[in-house]
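# no sequence on this one, just coordinates:
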């Protein structure tokens, strides 16, 4: 059974913003955003202990508890254990992602991908989410953007710890699937090369977007598809820069990135295309992609995402993007599906 068979549709809700990503979100606004997703028939919700030191899980659990558990798919992540002990959230060393959740809870975060920590992380997530099970579990951030030159050490800890635990839980029917939840391609490629690890998919954030997609097209997308390991695309708006924001890769966008976005905007305007629609439909055009899970921190954003998924985009837009070399010549586009 593929990941597509385990997910209730192509659009999910990435709840990192509910952990006070970049800003402090009022509680009523967070709850309203989850309910707006539900009312829009979104039935896949992704979260993580890392998002605001458990804040995203707590808020999501509070919102979802009124709905039947069998009516939605829920994923969270392992690799970070949240303690009762507090620390300065703004002073955490998060590699390239420093400051992302400085408005979240101050609870201390411990990086641990061992077997025991994996089980504890799942148990703690279930409590925060007020639920009895997770459907999919992602091993979170075993990559160079968080750990620099030490990332392979953490990867090997996960290989001998989290990977084995999650494989056993899947075999026992406790979870439906597992994989990596990362912002980099290399850990996914390395996992595919392991004989003992057989993940169901990867949650790849920010790497297969309209703005930035060259690296996974070199090898990962074809290799994953060949092994029936499908991709959930997180951050399809490239941290917000493709949705009117100013962030790329969780930091303020560089002049070069802003210039490329302006090029895309000009072509989009010429064809009367919503860039959010182009972003979602671009990611989904690749046959290795099972779903996209944009984040949202305001109820109105959900309706925009749902509308973007079904918006009609002229073939001329995609051809213009290809002609301007703003998308890779190797990237499958919606117009290629029509031709096929």
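In hand now; what should we look at? Not measured: the values here are computed from a predicted model. Numbers count the residues shown, from 1 in each chain.
# Give me the distance between the residue nearest the centre of the chain and residue 283.
The chain has residue 234 as the residue nearest its centroid, 2.7 Å off, counting by C-alpha atoms, centre = their mean. With the distance defined as C-beta to C-beta, to the nearest Å, residue 234 ends up 10 Å from residue 283. For the C-beta atoms, the positions are set from N, CA and C on the backbone; glycine is no exception.
# The residue nearest to the centre of the chain contacts residue 293, correct?
Yes. Using C-beta atoms under 8 Å, residue 234 is in contact with residue 293, at 5.5 Å.
# between those two, what contacts are shared?
By C-beta atoms under 8 Å, 6 or more residues apart in numbering, residue 234 and residue 293 have these common neighbours: 14, 46, 203.
# On the strand side of things, show who the second one bridges to.
In other words, residue 46. Legend: beta-bridge partners of residue 46 under DSSP bridges are residue 14, residue 75.
# gap between it and residue 270?
Counting by C-beta to C-beta - residue 46 and residue 270 are separated by 34 Å.
# Comparing these two, which shows the higher neighbour count?
residue 46 (27 against 12; other C-beta atoms under 10 Å).
# pLDDT value on that one, please?
Here the pLDDT value assigned to residue 46 is 98.
# Same check on the one 4 residues further on?
Residue 50 is assigned a predicted lDDT (pLDDT) of 96.
# Just give the closest residue to it, not the sequence neighbours.
In this structure, residue 50 finds its nearest non-sequential neighbour in residue 80, 4.7 Å apart by C-beta to C-beta, 6 or more residues apart in numbering.
# dump the residue contacts of residue 142.
So residue 142 contacts 79, 113, 151, 154, 155, 158, 180, 182, 187 (C-beta under 8 Å, 6+ apart).
# Phi, psi for it please.
phi -80, psi 80 (degrees, to the nearest 10).
# Let me see the mean pLDDT of stretch 12-30.
94.
# Distance from it to the middle of the chain?
14 Å (C-alpha atoms, centre = their mean, to the nearest Å).
# Tell me the buried residues in that stretch?
For stretch 12-30, burial by neighbour count (16 or more other C-beta atoms under 10 Å) applies to 12-22, 25, 30.
# same question, stretch 260-267
Applying 16+ other C-beta under 10 Å to stretch 260-267 flags 260, 261, 264, 267 as buried.
# Other residues contacting it?
Counting by C-beta under 8 Å, 6+ apart, 210-211, 241-242, 253, 273, 275, 278, 317, 320-321, 324, 326 sit against stretch 260-267.
# What subset of those residues is buried?
210, 211, 241, 242, 253, 273, 275, 278, 317, 320, 321.
# The fifth one is in contact with residue 242, isn't it?
No. Shown here, residue 253 and residue 242 do not form a contact pair, counting by C-beta under 8 Å, at 10.3 Å.
# show me where pLDDT drops low in this protein?
1, 96, 337-340 (pLDDT under 70).
# can you name the farthest residue from the center of it?
By C-alpha atoms, centre = their mean, the chain has its most distant residue from the centre at residue 270, 30.3 Å.
# who are the neighbours in contact with that one?
Counted by C-beta under 8 Å, 6+ apart, residue 270 has contacts 317, 320.
# Then the one 5 residues further on?
Residue 275 is in contact with 210, 242, 243, 264, 265, 268, counting by C-beta under 8 Å, 6+ apart.
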